[in-house]
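A.B. asks: Dropping a prediction and its sequence here:
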Amino acid sequence: LTTVRARIREIDEKANVLLENMSADTKGFVDAKLRDMGTERRKLQARSESLETAPYDPIDADAVLRNGLASLHDLPRLMESASMEDRKEFVRAFVGGVSVVPGDARLDVQMRTLPAVGSLLPANSTCGLVAGAGFEPATFGL
């Protein structure tokens, strides 16, 4: 909503500049620009009204952090007992990337950092998987 409102203000300011600097020579150009900007402004205004009336449930960042860390601490059990879909959901939620290091026979998994809790986890939090040995959790120093 903030982005939409800012863009509407920007369009209004540009329209004012165009109108203030319009001359007989630039009238055709200014008219075309104003039509384009008017179309975009109407779409943005409709989007703004839609966003203003949409239900809003704020995210409880503390609860997300608690639940996420609890899931990480219980990861070995979860991965053994969870369905394939649950495992995929976990991976999508927490894993930001995977790097294979064939020379070291190593797989590096980069964990996502939630924006609200980014300062609580090290920037490059990882865990390791060793072929045949299973999950080796990283320590986060919390």
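C.D. replies: Noted; the coordinates are in hand.
A.B. asks: Could you list the low-pLDDT ranges of this protein?
C.D. replies: 113-142 (pLDDT under 70).
A.B. asks: any idea where the helices of it begin and end?
C.D. replies: Using DSSP state H, the helices of the chain run over residues 2-20, 27-53, 61-73, 75-81, 84-94.
A.B. asks: For the ones you listed, could you give me CSV that also reports mean neighbour count and distance to Asp108?
C.D. replies: Every residue, glycine included, has its C-beta placed from N, CA and C. Below are those laid out as CSV (neighbours: other C-beta atoms under 10 Å; distance: least, C-beta to C-beta, whole Å):
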stretch, mean neighbour count, distance to Asp108
helix 2-20, 13, 35
helix 27-53, 13, 40
helix 61-73, 13, 17
helix 75-81, 12, 16
helix 84-94, 12, 14
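A.B. asks: Identify the residues contacting Val95.
C.D. replies: 109-112 (C-beta atoms under 8 Å, 6 or more residues apart in numbering).
A.B. asks: Which one of the helices of the chain lies nearest to Pro102?
C.D. replies: helix 84-94 (21.3 Å; C-beta to C-beta).
A.B. asks: what comes into contact with the closest one?
C.D. replies: 68, 71-72, 75, 78-79, 82, 111-112.
A.B. asks: Now distance to Gly103 too, for the helices of the chain, in a markdown table please.
C.D. replies: Converted to a markdown table, the helices of the chain look like this (distance: least, C-beta to C-beta, whole Å):
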| stretch | distance to Gly103 |
| --- | --- |
| helix 2-20 | 45 |
| helix 27-53 | 51 |
| helix 61-73 | 28 |
| helix 75-81 | 26 |
| helix 84-94 | 25 |
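A.B. asks: Let me know the outermost residue of the chain.
C.D. replies: Ala24 (47.1 Å; C-alpha atoms, centre = their mean).
A.B. asks: Relative to Lys33, how far out is that residue?
C.D. replies: Going from Ala24 to Lys33 by C-beta to C-beta, to the nearest Å gives 16 Å.
A.B. asks: Now Thr26: phi and psi?
C.D. replies: phi -100, psi 0 (degrees, to the nearest 10).
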